[in-house]
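In: Would you be able to build a 3D model of this:
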Amino acid sequence: MNRWEKLTGGTSGQDYAARFAALARSGKDVHGEARFCAALVPVGARVLDAGCGTGRVMIRLAELGYDCVGVDLDASMLKAAQKQAPGLPWFQVDLVEFEPDLLGISGDFDLVVAAGNIFPLLATGTEATVVKRLAAALGPGGLMVAGFGLDEAHLPVPPSITLPEYDLFCAAAGLTFVDRFATWDADPYNGGGYAVSVHRR
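Out: I've put the predicted structure just below:
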């Protein structure tokens, strides 16, 4: 069981989707992650949303013209995603075991995005494996983008992964560091409690 399942019991999809819908109705910008990704790869690029949750990021990217696939372990989150966008490909799978071929889809993604504190919410000790699985799904020159909290102020659980550890996992998986930001609005990273990291295969 991963830390997300322990935290939510795997039943939070509807509430999670409702919270972001309310934010959008209030005028808040809820598409920072999709905008960040769209600045990295051209329209039409293949994007894997790893830990897609209720689909907020992927649905927006699909609207912008990207070829998207979403994977998540939480059935309640995927149910909310499928309800909002039934025509998009959603798969229930543990990222520790993710292999595109087993889902009947091709790899060679241009971009893999892991938003929403995916890495700190994995089962402790599986982070390197998940980085390796996601890196393997990238085509040559493909990018992996991960944004996650590094301290208790930015996480719903105690911190479990540091940036140096994440960078080591990426290097071991054949990825090269490209850049790091403090937000999905691409503000410079200066050592704060949240980071968005970009690595290239």
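
In: helices and strands of this structure: which one bottoms out on pLDDT?
Out: Each helix and strand of the chain was given a mean pLDDT (mean pLDDT, DSSP states H and E); the minimum falls on helix 13-25 at a mean of 57.

In: What helices and strands are in contact with the following helix or strand past that one?
Out: Later in the chain than helix 13-25, the nearest helix or strand by DSSP states H and E is helix 32-38. Judged by 3 or more Cβ pairs under 8 Å, 6 or more residues apart in numbering; DSSP states H and E, helix 32-38 is in contact with helix 56-63, strand 109-114, strand 138-149. Yep, even glycine has a C-beta here, placed from its N, CA and C like the rest.

In: Can you say which of those is packed in most?
Out: Mean neighbour count (mean count of other Cβ atoms under 10 Å) peaks for strand 109-114 among the helices and strands packed on helix 32-38, with a mean of 24.

In: picking up where we left off before, can I get the helices and strands packed on helix 32-38 in a markdown table with distance to H31?
Out: Converted to a markdown table, those look like this (distance: least, Cβ to Cβ, whole Å):
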| stretch | distance to H31 |
| --- | --- |
| helix 56-63 | 5 |
| strand 109-114 | 13 |
| strand 138-149 | 14 |
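
In: As CSV, those with mean pLDDT and distance to T129 would be great.
Out: Formatted as CSV, the helices and strands packed on helix 32-38 follow (pLDDT from 0 to 100; distance: least, Cβ to Cβ, whole Å):
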stretch, mean pLDDT, distance to T129
helix 56-63, 96, 23
strand 109-114, 98, 14
strand 138-149, 98, 14
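
In: Out of these, which is closest to A195?
Out: strand 138-149 (7.0 Å; Cβ to Cβ).

In: chain center to the helix or strand hosting V130: distance?
Out: Taking DSSP H and E as the definition, one finds V130 inside helix 127-136. With Cα atoms, centre = their mean, to the nearest Å as the basis, helix 127-136 stands 12 Å off its chain's centre.

In: what angle do it and strand 109-114 make?
Out: 150 degrees (axes from the mean of the first three to the mean of the last three Cα atoms, to 10 degrees).

In: pretty sure L95 is touching L73, no?
Out: Yes. Between L95 and L73 there is a contact under Cβ atoms under 8 Å: 7.1 Å.

In: Who has more neighbours out of those two?
Out: L95 (23 against 20; other Cβ atoms under 10 Å).

In: mind checking how far the residue positioned nearest the centre of the chain is from E165?
Out: Centroid check for the chain by Cα atoms, centre = their mean gives A114 as the closest residue, at 1.7 Å. Distance, A114 to E165, using Cβ to Cβ, to the nearest Å: 15 Å.

In: Tell me the bridge partners for the residue nearest to the centre of the chain.
Out: On the basis of DSSP bridges, A114 is bridged to A146.
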